[in-house]
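J.: Starting from these lines, generate the structure:
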Amino acid sequence: SRKTIALFTIRTFFIRLFYNYNNLFGEGLCYCLIPFIKNSCDPENRDNFIRKHLKFFNTNEYLSGFALGIVMNLELKKDDEFLDKAKTILSSNLGAIGDKLINQLILPILILVALNKFVSSDFRLDNCAVIVILCELFVFNIFNFSIRYYGIKSGFEKGIDSIKIFKSSSYKKILLYMTLLRNFLIIILITNLFIYSNILLFFSN
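T.: Predicted coordinates:
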């Protein structure tokens, strides 16, 4: 149900709290799986289930919903051999996909938009700059919740095939447009800083 998916989605926001250098997101994945463990595992099998998923596992926290949904899908199929292979695939792919999409594109674009507005406002945090920052935070948090929610839903329904969306032509076009936008914002920021520094130099003379 949507309510159940939403509850799992909220749990993924705490997955970073369990991050460590021994098993990375392994403990966080187990934390997110607790409601699933209680409902689908017999009490005598829960310890084995937890030990199985406490192993090394890497992901990107924003895309952790895909990992969670896929793991639940494969657990219901009772295919432990393919589950181990799938977790290996997810560990190598989701981290790289998330780093490129979120850390190299979305977050830099948001920061560059705010910086450009700040520079164009003569380095003053005026009302317009505050509104821009608040709007960015609002939009990003909607995206953050939505991508986690969609990942859980899609992963649970389609299994490992759910990550094929990141190989689609539409996704590649989105990456291209975002890359161009990020580069354009960098050029605008450099131009704004250059103009501002020249104005300061002119008035100082």
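J.: rest of the way, CA atoms for contacts and neighbours
T.: OK.
J.: Check this protein and tell me which residue is nearest its centre.
T.: Centroid-nearest residue in the chain: Y62, 1.9 Å away (criterion: CA atoms, centre = their mean).
J.: any idea how far I102 is from that one?
T.: From Y62 across to I102, the span is 8 Å (CA to CA, to the nearest Å).
J.: Also I190?
T.: Distance of I190 to I102, computed by CA to CA: 23 Å.
J.: and if you look at L76?
T.: Counting by CA to CA, the gap from L76 to I102 is 30 Å.
J.: My guess is the residue nearest to the centre of the chain contacts R148. True?
T.: Yes - Y62 lies in contact with R148 (CA atoms under 8 Å); the separation is 6.4 Å.
J.: ok, back up a step: higher neighbour count, L76 and I102?
T.: Set L76 next to I102 and count neighbours by other CA atoms under 10 Å: I102 wins out with 16 against 11.
J.: pLDDT value on E61, please?
T.: On pLDDT, E61 comes in at 89.
J.: quick one, what contacts it?
T.: T12, F13, I15, R16, G98 (CA atoms under 8 Å, 6 or more residues apart in numbering).
J.: ok, now G151?
T.: G151 touches L63, S64, G65, F66, A67, L68, G69, S162, counting by CA under 8 Å, 6+ apart.
J.: so where do the helices sit in this protein?
T.: 2-12, 26-40, 46-53, 64-77, 80-98, 107-120, 127-158, 169-204 (DSSP state H).
J.: Count the neighbours of the closest residue to V132 other than its chain neighbours for me.
T.: Nearest residue to V132, sequence neighbours excluded (CA to CA, 6 or more residues apart in numbering): A114, at 6.9 Å. The criterion is other CA under 10 Å. On that basis, A114 has 17 neighbouring residues.
J.: My read is that A114 contacts C135, right?
T.: No - checked against CA under 8 Å, the pair A114 and C135 is beyond contact range at 10.4 Å.
J.: Do you know the pLDDT at the residue nearest to V132?
T.: pLDDT, read off for A114, is 90.
J.: how much space between it and L63?
T.: 25 Å.
J.: pull the helix or strand with minimum mean pLDDT from this protein.
T.: Scoring the helices and strands of the chain by mean pLDDT, DSSP states H and E places helix 46-53 at the bottom, with a mean of 79.
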